[in-house]
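[1] Just the structure for this:
(chains A and B)
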Protein chains: 2
Amino acid sequence: MNKYMLFAIEEARMGIRAGHGGPFGSVIVKGSEVVGRGHNQVILNNDPTCHGEMMAIRDACKRLNTFDLSGCILYTTGEPCPMCFGAILWANIEKVYYGCNVLDTEEIGFRDNKFYNMTDEEKQEFSKCLDREECKKLYQEYMNIDNKKEY
Amino acid sequence: MNKYMLFAIEEARMGIRAGHGGPFGSVIVKGSEVVGRGHNQVILNNDPTCHGEMMAIRDACKRLNTFDLSGCILYTTGEPCPMCFGAILWANIEKVYYGCNVLDTEEIGFRDNKFYNMTDEEKQEFSKCLDREECKKLYQEYMNIDNKKEY
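    Residues are numbered from 1 along each chain as shown, chains lettered A, B, ... in the order given. Here you go, the predicted structure:
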């Protein structure tokens, strides 16, 4: 099997044996070097954002001192949920290899597939626009700041 | 205007004036109490996961000592990106009110709308299955753990 996927599995296995959270581990590779790793720590940290991919992205960004992981590949034991997939895109990761798919993950009791299958109607019911004009003034203030660092 | 949205705007404004990141602030409310707040700190922390909603969720979870924000409402200056929307679902937040929509956010230079418009084909090209059988053994090991805490 792929050696980086093996590292991701080992990372996840350590996590589940310690009771940190679900069976999800990730490593991030640049060239042939592992630059980030992480496993699910939702239970350990009481933090729903601490998925394996998120932890690995944060680890790699800290080590490389950048928010831009262009040229990096992520290996992860389970297909990324919408949160992690979004984080992967923001981080400019080049490619993802996942082991189990979202249906496998559903079988062991997680809601990723349910989230992917939300309809536009359900999303619009859940999330509503409010005070847009006031918020647009804030956006305009941001646009007027000179020499800001972009991301 | 809504007072919680005003808090979210103030949180965001503090952040952009300090150079922490984009014009995105969030507050989380339970009953009538603000239990979490945060603003974008991608630049400050060199961390692409530090969106305002993520920071507010992490803040609320820390204060309430739980990964479950059932019954909470989130107010945020910009429509959540896919990452933040996913985090909101994992956190069991009940309702979201956003100010500017993703098209407004695109106008000031951010990629949220691009990410929402990725086709299934593009996603499948980007993210590939690998070593599924080995990862399923890991999932099985997780299933065999007795009395684990679920989330």
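
[2] Going by length in residues, pull out the top helix of chain A.
    Looking across chain A with DSSP state H, the single longest helix is helix A:3-17.

[3] what about dumping the CA coordinates of that helix to PDB?
    Taking C-alpha atoms only, helix A:3-17 is exported to PDB below (Å, rounded to 0.1, in the frame of the first residue of the first chain):
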ATOM      1  CA  LYS A   3       3.400   4.600   2.400                       C
ATOM      2  CA  TYR A   4       1.800   8.000   3.100                       C
ATOM      3  CA  MET A   5      -1.600   6.400   3.500                       C
ATOM      4  CA  LEU A   6       0.000   3.900   5.900                       C
ATOM      5  CA  PHE A   7       1.200   6.900   8.000                       C
ATOM      6  CA  ALA A   8      -2.400   8.400   7.900                       C
ATOM      7  CA  ILE A   9      -3.800   5.100   9.200                       C
ATOM      8  CA  GLU A  10      -1.100   4.900  11.900                       C
ATOM      9  CA  GLU A  11      -2.000   8.400  13.000                       C
ATOM     10  CA  ALA A  12      -5.700   7.600  13.100                       C
ATOM     11  CA  ARG A  13      -5.100   4.300  15.000                       C
ATOM     12  CA  MET A  14      -3.100   6.100  17.700                       C
ATOM     13  CA  GLY A  15      -6.100   8.500  18.000                       C
ATOM     14  CA  ILE A  16      -8.800   6.000  18.400                       C
ATOM     15  CA  ARG A  17      -6.800   3.900  20.800                       C
END
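
[4] Mind listing residues that contact that helix?
    When contacts are taken as C-beta atoms under 8 Å, 6 or more residues apart in numbering or on different chains, the neighbours of helix A:3-17 outside the stretch itself are A:21-27, A:29, A:34, A:37-41, A:52, A:73, A:75-77, A:97, A:99, B:130-131, B:134-135, B:138, B:141-142, B:145, B:148. For the C-beta atoms, the positions are set from N, CA and C on the backbone; glycine is no exception.

[5] Sort out which of these are in helices and list them.
    When helices are assigned by DSSP H, the members of the contacts of helix A:3-17 inside them are A:52, B:134, B:135, B:138, B:141, B:142.

[6] which among the residues you listed gets closest to residue B:103?
    For the ones in helices among the contacts of helix A:3-17, the minimum distance to residue B:103 (C-beta to C-beta) is 32.4 Å, reached by residue A:52.

[7] Looking at the closest one now. What's its pLDDT?
    The pLDDT attached to residue A:52 in the predicted structure is 98.
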